[in-house]
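1. Fold the following and give me the result.
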Amino acid sequence: MTREVRAFAVTVLTLATLGAAAGLLWSGLTPRAPYQVTAQGAVLADPTTQALIAADGWFAVITGGLGLACGGVGWFVGRRWMLPVVLGLCAGGVLAAMLTLWVGSTVTIGGVVVEAAAPPGVTIVPGALKLTASGVLVAWPLLSVGFFGLLEGMHGYRESPLRHPYGEPADPL
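-> Numbering: from 1, shown residues only. Next up, the predicted model:
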């Protein structure tokens, strides 16, 4: 029982660490939307900007790619403790996605370039990163558990006696 708990905890903590690093990567790669400072507060300077959608897209690409990588590594490394690793991928993926969102929206990394056609005397500032499509938060856990299951299904089929139902000899490969 102790080994299963350890496998679960190591999986969750590893994914949480990757989530913090992914937040820094998301903060460094994603463009910021330009905001205009007015008497009422900050207002979106360019309503046709694609920066808000780009933040969702970069988040999905980063967390989805890491989810696939974690699912593959989890399957290859955690063959002895399948259930704790799958549960760790699910819980750790949710935690990692939340940490990615928190770190990425809190920390600003890299040169933030804001381009907007503003009249003279108007102050333009970069906006904070935020998600407008909250559904991308499930990319990490969904892809990691799904890829783990795909690899296990392919492996199970390859070793299955049902693959040769009539007693045919196995392939030499």
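2. centroid residue for the chain?
-> Within the chain, the residue whose C-alpha comes closest to the C-alpha centroid is residue 63; the distance, by CA atoms, centre = their mean, is 1.5 Å.
3. Now do the host helix or strand of that one: which elements does it pack against?
-> Secondary-structure assignment from DSSP states H and E places residue 63 in helix 51-77. Counting contacts by 3 or more CB pairs under 8 Å, 6 or more residues apart in numbering; DSSP states H and E, the secondary-structure elements packed against helix 51-77 are helix 2-29, helix 82-106, helix 139-158. From N, CA and C alone the C-beta is placed, and that goes for glycine too.
4. looking at the ones you listed, which is buried most?
-> Across the helices and strands packed on helix 51-77, the average number of neighbours (mean count of other CB atoms under 10 Å) peaks for helix 82-106, which reaches a mean of 21.
5. what element comes up after it heading to the C-terminus?
-> Scanning forward in sequence from helix 82-106, with DSSP H and E defining helices and strands, the next element found is strand 124-126.
6. which secondary structure elements does that next one contact?
-> Contacts defined by 3+ CB pairs under 8 Å, 6+ apart place strand 124-126 against strand 34-38.
7. Report the buried residues of the strand it packs on.
-> Judged by neighbour count (16 or more other CB atoms under 10 Å), strand 34-38 contains these buried residues: 34, 35, 36.
8. possible to save those as CSV with pLDDT?
-> Converted to CSV, those look like this (pLDDT from 0 to 100):
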residue, pLDDT
34, 78
35, 79
36, 80
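9. Look up how far residue 107 lies from residue 24.
-> Counting by CB to CB, to the nearest Å, the gap between residue 24 and residue 107 amounts to 6 Å.
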